[in-house]
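**Student:** Okay, sequence plus prediction incoming.
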Amino acid sequence: MAVLYCNSFTQEMSWDWSASLSSNSENYANKIAIDQQQNMFILGCFQDTLITGTDTLLSIGTQSVYIIKIGYSGNFLWSKKMSPETFSYGSLDVDADGNLYCGISFWGSLVFDETTYTGNAVLLKFSPEGDLIWTNEISSSTESTNLKKITFNNAGNIFIGGTFENDIQMDTISRTGGVMRLISYLIEMDTAGNAMGIKIIGDEDWEAMVGGLVDIEADDEGYTVLFHTTGNYDYGNGVVTPSCYGPVIVRFNNEQVCQWATYQNDFANFVDIVDFYADNSGIYLTGVYLESFSVDTCSITHPLAGLGANAAAPFVLKLNQEGHCLWLKSYIDDDELSGFGYGISADNDKNIYVMIAFNDTAVLGEDTLIGNGIISDVFGYDDILICKLDSLGVPVWAGNCGDMAGRNTGSIYTSELGDVFFVGYSIENIEIKAEIKNSFIAKKNNTYPPYPAGPVSGPTELCSNTEGNVFEISYVFNTDYYSWELPAGFAGTSDGTSIIVTVEPGAESGYIIVTPVNSNGTGEPSQIYVTVTETPEVPVVTFSDGTLYSSAASGNQWYNSEGIIEGATGDSYIPLVSDLYYVVVSNGSCSASSIDIDVTVSSPELTKNSIRIFPNPTNGIIHITNAENSRIEIRNIIGAVIMTKTISGSNNTIDLSGFAEGTYLMKITSSNKVITKKVVVSK
């Protein structure tokens, strides 16, 4: 197994570090997937033992399957082992949250974490930490089901595809196909792993050879399917009739209605599309052709045309989003069996990265690559190269990256900014950064700016003269540090992805902007608009002639030790009882509070004889005289407080009409006396 990393901004093929995986037998890497933090997930198979970091995996039976997660710096994070009776095919992909989806096709049974699966294929979902979240099996009455591809649309739904014979079932959904013929299928699943539907790519008359469905690419508007067929395919808008073992590309919308289909023109020669990649600029395909090949008005012819099977060469084809050819190129020398392409990807600048198997020598632009002379593949090819092409298919660089070890061995992946990741195989020692053989990992240092910054989180409204306001963003990949820009009157202290902001008096509203930076440039910044409201000055409270005064002319709210004083919103307030008082002055959502002031309120001495409560008994309304500046508290016969009220004048009225008939205790409290009287309610 090999993992290689390079960067598209360099104009030569080079690697910055490498390390071998230790194994006492051969092992192969089949697929690679990359998450948004540039962690690598690798699926492959091994015999006997495989050492991955500090983990040692032991094979059960003749062959086991491994899954490895490797950090961006080449550090091993975790590994898993699965033990099928016979391994057939594997597939990987990662969703936007970093969850890994792994599809394993097998014959017989498969054992993982003490669970035995007996279908023909199983899909497993792992968390970023490697914990198993859920599994779902695909079953068939035959052992010919393959799960070849996993992908997602923007809604997060999962699409898996492959081939089956006779019948196929997931959950309670099943379909049937032709007897003794491989049929391509597409299953859509929800995020919980439940099957939503199974679509057959073709019909009962479709005669597919071994291989069938090759690839699926999904997006928010639908999905594109690549498969091979030897018969007619009615895609709804007409019938395509590929010759020989012909490739067909079909585009479906989200309602699974076919929008268009395209296939090779009939040159009566073998064309095999091994891999394809689709993005918003078009569809990229690679494979092998014999003698000649044409699509629409694009065509290529091998220099050794007439030699039949010996005139084989790799090609790269770019289609537009409607399936029409933009350009078609072949990358060969004058040798027989000069190679075939079997992995393709592209970056955001529309540069293309192709993995090609070749024999003896390969010429791409100014690069001539020489193989090791060891034939390691049944197809007759021995070496693997990776090349970078520009958006028009012109070679930029190429490099030898190991050996051919079977049609399903090796994979290539390109991140959004052009990092190239490759898994492969080597029979003998090759020079990357060290002498390595069989399994190795290699990486090239970054030479590109950071990724774009994500959204800034934090408050959108702030008060002046405040501190401790926190703004932050998520980690931005490939960033050395973060540059924060603040509006006038702001000050801040940053630890990288977050900043603690102080808003000074007189600060202005504006954008807080953060830009990720490294030695190669800056990433796209992110910003948040913050509105500043001026905080009022701290009010000063004075007490004179029995009245509290605030220094603020407006926005006042008076409080005592029990809380807010309802209705006390003027710039002065006459306290009724002795207590601690303060005022809060507000301007919108911003406020300032005075210090507490201790107020003593003088009032005439209360006596039971001086206070009059009438009528008593009462049917609801009572009058109280001579109890000015007092607090009234009424309790029922069991002592529960059912009313409180503050009175200020010498003549006051209290409504008890809502009370039930009975005897109540009224406690009257002034600054220097507490008296209690009975009140009888009689209706």
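**Tutor:** All right, it came through fine. Residues are numbered from 1 along each chain as shown.

**Student:** pLDDT weak spots in the stretch 401-550 of the chain?
**Tutor:** Counting by pLDDT under 70, the stretch 401-550 of the chain contains low-confidence ranges at 402-410, 416-418, 424-447.

**Student:** What is the end-to-end distance of stretch 292-312?
**Tutor:** 9 Å (CA to CA, to the nearest Å).

**Student:** pLDDT averaged over it - what is it?
**Tutor:** For stretch 292-312, mean pLDDT rounds to 74.

**Student:** what pairs with the closest residue to N320 other than its chain neighbours across the strands?
**Tutor:** Once flanking residues are discounted, N320 sits nearest to G282: 5.2 Å by CB to CB, 6 or more residues apart in numbering. Placement of C-beta: from N, CA and C, glycine included. When bridges are called by DSSP bridges, G282 pairs up with D279.

**Student:** Just list the residues touching G282, thanks.
**Tutor:** The neighbours of G282, taking CB atoms under 8 Å, 6 or more residues apart in numbering as the test, are 318-321, 326.

**Student:** In ChimeraX, how would I select just the buried ones from those?
**Tutor:** Buried residues within the contacts of G282, by 16 or more other CB atoms under 10 Å, are selected in ChimeraX with:
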select :318,319,321,326
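
**Student:** if you look at the contacts of G282, which of them are in strands?
**Tutor:** In strands, judged by DSSP state E, the following of the contacts of G282 are found: 318-319, 326.

**Student:** So which of the residues you listed is the closest to V456?
**Tutor:** K318 (38.0 Å; CB to CB).

**Student:** my guess is the closest one contacts W327, does it?
**Tutor:** Yes: at 5.4 Å, K318 counts as touching W327 under the criterion of CB atoms under 8 Å.

**Student:** if I look at those two, which residues touch both of them?
**Tutor:** Contacts common to K318 and W327, judged by CB under 8 Å, 6+ apart, are G393.

**Student:** from memory N146 sits against G90, does it?
**Tutor:** No: with contact defined as CB under 8 Å, N146 does not reach G90; the gap is 9.9 Å.

**Student:** shared neighbours of these two, which are they?
**Tutor:** Shared contacts of N146 and G90, counting by CB under 8 Å, 6+ apart, come down to S105.

**Student:** Adding distance to S292 and pLDDT as columns, could you present the contacts of G282 in TSV?
**Tutor:** Converted to TSV, those look like this (distance: CB to CB, whole Å; pLDDT from 0 to 100):
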residue	distance to S292	pLDDT
K318	18	90
L319	18	88
N320	22	87
Q321	26	81
L326	19	91
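
**Student:** Out of the contacts of G282, which comes closest to V540?
**Tutor:** Using CB to CB, Q321 is the member of the contacts of G282 that lies nearest V540, at 70.9 Å.

**Student:** who's in contact with that closest one?
**Tutor:** 280-283.

**Student:** for M170, same thing?
**Tutor:** Contacts of M170 (CB under 8 Å, 6+ apart): 136-139, 187, 189, 195, 198.

**Student:** Beta-bridge partners for it, please?
**Tutor:** In this entry, M170 is beta-bridged to I173, by DSSP bridges.

**Student:** same question, I273
**Tutor:** Listed by DSSP bridges, the beta-bridge partners for I273 are G287.

**Student:** Count the residues that sit near it.
**Tutor:** I273: 27 surrounding residues under other CB atoms under 10 Å.

**Student:** Report the separation between it and L328.
**Tutor:** Using CB to CB, to the nearest Å, I273 is found at 12 Å from L328.

**Student:** Please apply the same query to G393.
**Tutor:** 8 Å.

**Student:** Also V423?
**Tutor:** V423 is 27 Å from L328, by CB to CB.

**Student:** likewise F87?
**Tutor:** 35 Å.

**Student:** Now E217. Nearest residue, chain neighbours left out?
**Tutor:** Here the residue nearest E217, using CB to CB, 6+ apart, is A278, at 3.9 Å.

**Student:** Check the spacing between the one you found and G90 real quick.
**Tutor:** Distance of A278 to G90, given as CB to CB: 21 Å.

**Student:** quick one, domains of the chain?
**Tutor:** 279-414, 461-531, 541-599, 612-681 (automatic domain parsing).

**Student:** So Y66 sits against F41, correct?
**Tutor:** No: assessed by CB under 8 Å, Y66 is found out of contact with F41, at 11.0 Å.

**Student:** Give me the pLDDT for the residue nearest to N320.
**Tutor:** Value for G282, per-residue pLDDT: 83.

**Student:** for M40, same thing?
**Tutor:** Reported pLDDT for M40: 86.

**Student:** For it, name its beta-bridge partners.
**Tutor:** For M40, the beta-bridge partners under DSSP bridges are I34, I70.

**Student:** Hmm, it is touching I32, no?
**Tutor:** Yes: using CB under 8 Å, M40 is in contact with I32, at 6.2 Å.

**Student:** need the contact list for I611.
**Tutor:** Per CB under 8 Å, 6+ apart, neighbours of I611: 624-627, 668, 675, 677.

**Student:** likewise S554?
**Tutor:** D571.

**Student:** Any figure for the gap between it and Y573?
**Tutor:** 14 Å.

**Student:** Then E291?
**Tutor:** With CB to CB as the criterion, E291 and Y573 are 100 Å apart.

**Student:** Residue nearest the middle of this structure, spatially speaking?
**Tutor:** A96 (2.5 Å; CA atoms, centre = their mean).

**Student:** Can you read off the pLDDT for it?
**Tutor:** pLDDT, A96: 88.

**Student:** State the pLDDT value of the closest residue to P247 other than its chain neighbours.
**Tutor:** In this structure, P247 finds its nearest non-sequential neighbour in I273, 4.1 Å apart by CB to CB, 6+ apart. For I273, the pLDDT comes out at 72.

**Student:** how close does I273 sit to S391?
**Tutor:** Applying CB to CB to I273 and S391 gives a distance of 20 Å.

**Student:** do P450 as well
**Tutor:** For P450, the distance to S391 - CB to CB - is 24 Å.

**Student:** repeat for V122
**Tutor:** Distance from V122 to S391, by CB to CB: 39 Å.

**Student:** Neighbouring strands - and their directions - for the longest strand anywhere in the chain?
**Tutor:** Ranked by number of residues, the top strand in the chain under DSSP E is strand 76-94. If you go by DSSP bridges, strand 76-94 pairs up with strand 64-70 (antiparallel), strand 100-112 (antiparallel).

**Student:** so which of these is the most packed in?
**Tutor:** strand 64-70 (a mean of 24; mean count of other CB atoms under 10 Å).

**Student:** Return every residue with contacts to both of I273 and L328.
**Tutor:** Counting by CB under 8 Å, 6+ apart, the shared contacts of I273 and L328 are L317.

**Student:** pretty sure E534 is touching S586, no?
**Tutor:** No: contact status for E534 versus S586: not in contact, 11.5 Å apart, counting by CB under 8 Å.

**Student:** Show me the strands in the stretch 301-450 of the chain, by range?
**Tutor:** 312-319, 325-330, 340-346, 352-358, 361-364, 367-370, 383-389, 395-403, 411-414, 419-424, 426-431, 435-438, 440-443 (DSSP state E, counting those that start in this stretch).

**Student:** Please report the distance of T49 from F159.
**Tutor:** 36 Å.

**Student:** Am I right that T646 sits in a strand?
**Tutor:** Yes: using DSSP: H, G, I helix; E, B strand; the rest coil, the assignment for T646 is a strand.
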